[in-house]
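> Sequence and predicted structure, then a few things I'm wondering about:
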Amino acid sequence: MDAIIRTSIFEMANDKATVIHQTHSLTPVIISHLVKIFMFGKESRAFNHWCSEINAQLRRIQLNKLKSSKKPLTKEKLYDIMFDGPLGHTSTVEEWISMIWDERDNNGKYKYHRLPILQPNGVIIHRDIQRVLDKVTTDISNQIFKDIRNYL
């Protein structure tokens, strides 16, 4: 068994599994901030912060390459992990909207109740996130992603 584990085939599978796991773990922050951007709009004073947070996560995903190819995951795999899996249904976006609306700060006060909601419709936000992540995952797989603002 130890000899099999040391083979390059097993290493590649582990490396791919690790890359997939890390991508999964970074995705909730991306989704949360995309929902906030589409929910509250680009005019929100937190817009640049949300973009910075998304960029940090997406750049980590782009830098996380497979040992076998020295490239990020394929566009299809990235899209599956970042959109199809977590946001396959519009009702999931509506759950994100509710969760974000109910977020509280350290003092127990609602974080976002002061912000005007630009887009309350989960179906529209779902469509907008799908459009953005379709382009983003293509560019990450081609190692040319730079800034989320280019896709919004």
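Perfect, I can see it now.

> Who are the packing partners of the longest helix anywhere in the chain?
Secondary structure of the chain per DSSP state H: the longest helix is helix 8-40. Contact analysis of helix 8-40 by 3 or more C-beta pairs under 8 Å, 6 or more residues apart in numbering; DSSP states H and E lists helix 47-63, helix 85-87, helix 90-101, helix 122-141 as its packing neighbours. C-beta: built from backbone N, CA, C; applies to glycine.

> Least reliable of the ones you listed by average pLDDT, please.
When the helices and strands packed on helix 8-40 are compared on mean pLDDT, helix 85-87 scores lowest, with a mean of 90.

> any residues touching it, and which ones?
Contacts of helix 85-87 with the rest of the structure, by C-beta atoms under 8 Å, 6 or more residues apart in numbering, involve H24, T27, P28, I31, T92, V93, H126, I129, Q130.

> please redo it, this time with the cut-off set to 7 Å
Contacts with helix 85-87, where a contact means C-beta atoms under 7 Å, 6 or more residues apart in numbering, come from T27, I31, T92, V93, H126, I129.
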